[in-house]
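Enquirer: got a sequence here, can you model it:
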Amino acid sequence: MTTINIGIVAHVDAGKTSLTERILYETNVIKEIGRVDSGNTQTDSMELERQRGITIKASVVSFCIDDVKVNVIDTPGHADFIAEVERSFRVLDGAILVISAVEGVQAQTKILMRTLQKLNIPTILFVNKIDRSGANTEKVMKQIKEVLSNEAFPFYSVLNEGTKEARIIEYKSYDDCMELLASYNESLLESYVNNEIIPDALLREKLEQQIQQANVYPIFFGSAMTGIGVTELLEKLPALMPAHTSAQEELLSGVVFKIEREPSGEKVAYVRVFSGSLHVRKYVDIQRSQSLSHKEKITKMCLFHNGDAVQTSTVPSGEFCKVWGLNDIKIGDIIGERTDYIKDIHFAEPQMEASIDAVPKERIHDLYAALMELCEEDPLIKVWKDDVHNELYIRLFGEVQKEVIETTLYEKYNLQVTFSNTRVVCIEKPIGVGNSVEVMGEKENPFYATIGFKVERGKHNSGITYDLGVELGSLPLAFHKAIEDTVFHTLKQGLYGWEVTDIIVTLTHTGYASPVTTASDFRNLTPLVLMDALQQAETCVFEPLNEFELTVPEHAISTAMYKLAAIPATFAEPILHNDSYHLTGLLPIAKTENFKRMLHSFTEGEGIFTTKPAGFTMLMAPFPTRKRVDFNPLNRKDYLLHVLKAY
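Expert: Okay, here's the model as predicted:
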């Protein structure tokens, strides 16, 4: 049986989960259509997904069209869960991008389409809600051409849009796509130039080829609620989406894209098998990086079949499956060999953080254990533990993610939590050169060790560079390792409490007294010397920036520029295209969410605003500070009292 693996993606409220439900109904997988707002859909399994009517975790379900099996991932649409979407893209052969005929192309639509194009994923555009009051397919078509891709081609026209009598009519001729296809095919171009008549069957074949190669994007129209256009979509889907092609005889190659836990705590890994096959009770190689790999034994597997997960002993190439028995497994791990089938995706790191506390506070250790489990399910959740003040911090993409974490902790672990206000995560960089030495035996140095450091500014985006200015043999290797590890750990908080980067640290002096010196002498002394050198070099604080693209109606450009200038943001001259202005620039991440809210208000929902991380910009003093989560080597007296356990 041929297998096609697709994702259904969309901005919030475009009707993505409703379309999934309608497809499952039309293919006889379910007997009754669930409603997102009623909380009874197939793919929204989390309680919060049902309550909020949004998809948070990517869900897998399958159906059949004749002899073609289609595995579908219903992915989140909210910007806070873009990491979950990007992870899903890694395992897709094709995608359906849902757009509302009422709201039109949104900022998130543009972000999703940009990612699909970057990964060269064939994509069908489905314009939903054509029967809703306010539907305007002509306007949406124009937005698609201008904002998403000029290489989009409608298969249907719409009659009676915005009414219950809305319906679609298929274009009988493919002549309109001739010019589009000619740019990808020399023989067609020659025929086009010579005004030759080309059979529709040949044009359709060439069009399908270009769609499967992600050069052309077909546009379908319909309504997930009533089923208009969904049958037509399903009829054409097998011809427009590329089928899985790798052979079973090839080397095993798969990737983990999702992790869940059973009520017992056992991990369940969701795997896409690109080549080869998986077998129960067999050991598989698991690669986490080029240098980290191990073997584990599969104890149980399930394939997705017509809405169910069916236990199986073998999973062939091209399939999604659930795998039990892989205890040391993380999202992104490679099962078997790393091959060209596996797309590498760079995930943007969350640039906001908040402290999180258990209620009552005595359950802080339970909270930490629960958060560690959540980190395994979503590696972009970063948790920091402050052992000094017994506090926890969590990195976030946005406020909705906070709500999801809070609800998950309560439902899954019976933990109630409170959050502090969310703040952006800054960094520090040295601006000068600093030197410091502590010599063993001198009055102020209570440790059996000599250490000297030179710190200076490194190259942009170089991170931390650690160099040896002494002979490697001047110390036992264990002592060298203790110093180097402590340097990297200490630089997690600089003079103002932020992580230090773009810095060169050179070890300039060493000394020890055998046999009394231990590695802990070097571990305890290193922070004092390093931070003293850093104080001499001084640091500046940098805040994270977003690069933005903004499209607003002609009447709103003055307000947009005024509000951006007040942030302050930097931007180029606006460009007028048809009846909209296009603006690009940079603005602080800390101001992004507030501007989004203002934009919706002053453009009445007509503005399209997309952002992506764009590095950092230096702040002016006084710099924002972050509470220290160590014993503070900047305060020598208190630091020594702690590490020498004099308290």
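Enquirer: show me the shaky parts of the stretch 51-200 of the chain.
Expert: For the stretch 51-200 of the chain, residues meeting the criterion pLDDT under 70 lie at 51-58, 74-85, 173-174.
Enquirer: swap in 50 and give it another go.
Expert: Residues of the stretch 51-200 of the chain meeting the criterion pLDDT under 50: 51-57, 77-78.
Enquirer: pretty sure residue 157 sits in a strand.
Expert: Yes - counting by DSSP: H, G, I helix; E, B strand; the rest coil, residue 157 is part of a strand.
Enquirer: what strand or helix carries the residue lying closest to it once chain neighbours are set aside?
Expert: Sequence neighbours aside, residue 169 is the residue nearest to residue 157 in space, at 5.2 Å (criterion: CB to CB, 6 or more residues apart in numbering). (Glycine included, C-beta is placed from N, CA and C.) For residue 169, the host element (DSSP states H and E) is strand 167-170.
Enquirer: which is the succeeding secondary structure element to that strand?
Expert: Following strand 167-170 in sequence, per DSSP H and E, is helix 178-182.
Enquirer: what is the subsequent helix or strand relative to the helix or strand bottoming out on mean pLDDT in the chain?
Expert: The weakest-scoring helix or strand in the chain, judged by mean pLDDT, DSSP states H and E, is helix 47-52 (a mean of 46). Following helix 47-52 in sequence order, the next helix or strand is strand 59-65 (DSSP H and E).
Enquirer: just the CA trace of that next one, in PDB.
Expert: Presented in PDB, the C-alpha positions along strand 59-65 are these (Å, rounded to 0.1, in the frame of the first residue of the first chain):
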ATOM      1  CA  SER A  59      -1.400  14.600  17.000                       C
ATOM      2  CA  VAL A  60      -1.200  11.700  14.500                       C
ATOM      3  CA  VAL A  61      -4.200  10.000  12.800                       C
ATOM      4  CA  SER A  62      -4.500   8.000   9.600                       C
ATOM      5  CA  PHE A  63      -7.200   7.300   6.900                       C
ATOM      6  CA  CYS A  64      -7.300   5.600   3.500                       C
ATOM      7  CA  ILE A  65      -8.200   6.900   0.100                       C
END
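Enquirer: packing partners of that strand?
Expert: helix 16-26, strand 68-74, helix 230-240, strand 300-305 (3 or more CB pairs under 8 Å, 6 or more residues apart in numbering; DSSP states H and E).
Enquirer: now tabulate the ones you listed in a markdown table and tack on distance to residue 411 and mean neighbour count.
Expert: Shown next, in a markdown table, are those (distance: least, CB to CB, whole Å; neighbours: other CB atoms under 10 Å):
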| stretch | distance to residue 411 | mean neighbour count |
| --- | --- | --- |
| helix 16-26 | 20 | 25 |
| strand 68-74 | 20 | 23 |
| helix 230-240 | 33 | 17 |
| strand 300-305 | 23 | 18 |
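Enquirer: quick one: which helix or strand includes residue 462?
Expert: Residue-wise, residue 462 maps onto no helix or strand under DSSP H and E.
Enquirer: what sits against it?
Expert: Going by CB atoms under 8 Å, 6 or more residues apart in numbering, residue 462 touches 501-502, 504.
Enquirer: now it. Its backbone dihedrals?
Expert: phi -90, psi -10 (degrees, to the nearest 10).
Enquirer: need the contact list for the residue nearest to residue 157.
Expert: 156-159.
Enquirer: just residue 136 next, same as before
Expert: The neighbours of residue 136, taking CB under 8 Å, 6+ apart as the test, are 101-102, 104, 161-162.
Enquirer: what's it sitting at in phi/psi?
Expert: Torsion angles, degrees, to the nearest 10, at residue 136: phi -140, psi 90.
Enquirer: how close does it sit to residue 102?
Expert: The spacing between residue 136 and residue 102, counted by CB to CB, to the nearest Å, is 8 Å.
Enquirer: in this structure residue 553 contacts residue 580, no?
Expert: Yes - using CB atoms under 8 Å, residue 553 is in contact with residue 580, at 6.0 Å.
Enquirer: neighbour count for the two, which is higher?
Expert: residue 580 (22 against 14; other CB atoms under 10 Å).
Enquirer: bridging residues for the more buried one?
Expert: Beta-bridge pairing of residue 580 under DSSP bridges involves residue 553, residue 577.
Enquirer: how near is it to residue 361?
Expert: With CB to CB as the criterion, residue 580 and residue 361 are 52 Å apart.
Enquirer: over to residue 491?
Expert: 30 Å.
Enquirer: the two: which is more packed in?
Expert: Ranked by neighbour count (other CB under 10 Å), residue 491 and residue 361 place residue 491 first, with 22 against 11.
Enquirer: show me what contacts the more buried one?
Expert: So residue 491 contacts 464, 499-501, 503, 505, 530 (CB under 8 Å, 6+ apart).
Enquirer: please pick the buried ones from the residues you listed.
Expert: Buried members of those, counted by 16 or more other CB atoms under 10 Å: 500-501, 503, 505, 530.
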